[in-house]
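> need a structure here:
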Amino acid sequence: MFQERLVLAGGVRFELIFHSRSEYRLACWKENRLLVEYTSADGYEFKSIEKLRYDFERDAEDALRQG
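Down below sits the predicted model:
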């Protein structure tokens with residue numbers, strides 16, 4: 001199991017929990033508002049942990065830019 005939580009300036013928080021290919025959760029919040037969430041239940045086509053994290057970080061950056 002891998003688990004990471006980050007708290008950044010401006011009320012931005014990230015949570016990454018990875019149990020296995022079939023059980024994971026990555027989430028990004030800003031000021032307690034969920035901006036992006038990837039979970040094993042939402043149908044994301046898992047290819048690798050690197051690709052999962054890359055896609056999530058790209059979507060989180062886009063969401064944070066939009067406000």
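> For the protein, which segments count as helices?
Using DSSP state H, the helices found in the chain span residues 49-66.
> what's the neighbour count on residue 56?
Residues within reach of residue 56, counting by other Cβ atoms under 10 Å, total 20. Quick note: C-beta positions are derived from backbone N, CA and C, even for glycine.
> That one contacts residue 35, doesn't it?
No - the criterion here is Cβ atoms under 8 Å, and residue 56 misses it with residue 35 at 11.0 Å.
> Between the two, which contacts overlap?
Shared between the contact lists of residue 56 and residue 35 (criterion: Cβ atoms under 8 Å, 6 or more residues apart in numbering) are residues residue 28.
> Tell me, what's the model's pLDDT at residue 43?
Note for residue 43: predicted pLDDT of 83.
> and the residue found closest to residue 15 once you drop the neighbours it is linked to in the chain, what does it touch?
Once flanking residues are discounted, residue 15 sits nearest to residue 27: 4.8 Å by Cβ to Cβ, 6 or more residues apart in numbering. Shown in contact with residue 27 (Cβ under 8 Å, 6+ apart): 14-16, 34, 36-38.
> ok, what's across the strand from residue 27?
Counting by DSSP bridges, residue 27 is bridged to residue 15, residue 37.
> Compute the distance between it and residue 14, please.
Distance, residue 27 to residue 14, by Cβ to Cβ, to the nearest Å: 7 Å.
> ok so, going back, same list (the contacts of residue 27) but as a markdown table, adding distance to residue 45, pLDDT and neighbour count.
Below are those laid out as a markdown table (distance: Cβ to Cβ, whole Å; pLDDT from 0 to 100; neighbours: other Cβ atoms under 10 Å):
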| residue | distance to residue 45 | pLDDT | neighbour count |
| --- | --- | --- | --- |
| 14 | 22 | 97 | 17 |
| 15 | 22 | 97 | 15 |
| 16 | 18 | 95 | 20 |
| 34 | 22 | 98 | 11 |
| 36 | 17 | 97 | 20 |
| 37 | 16 | 97 | 15 |
| 38 | 11 | 96 | 20 |
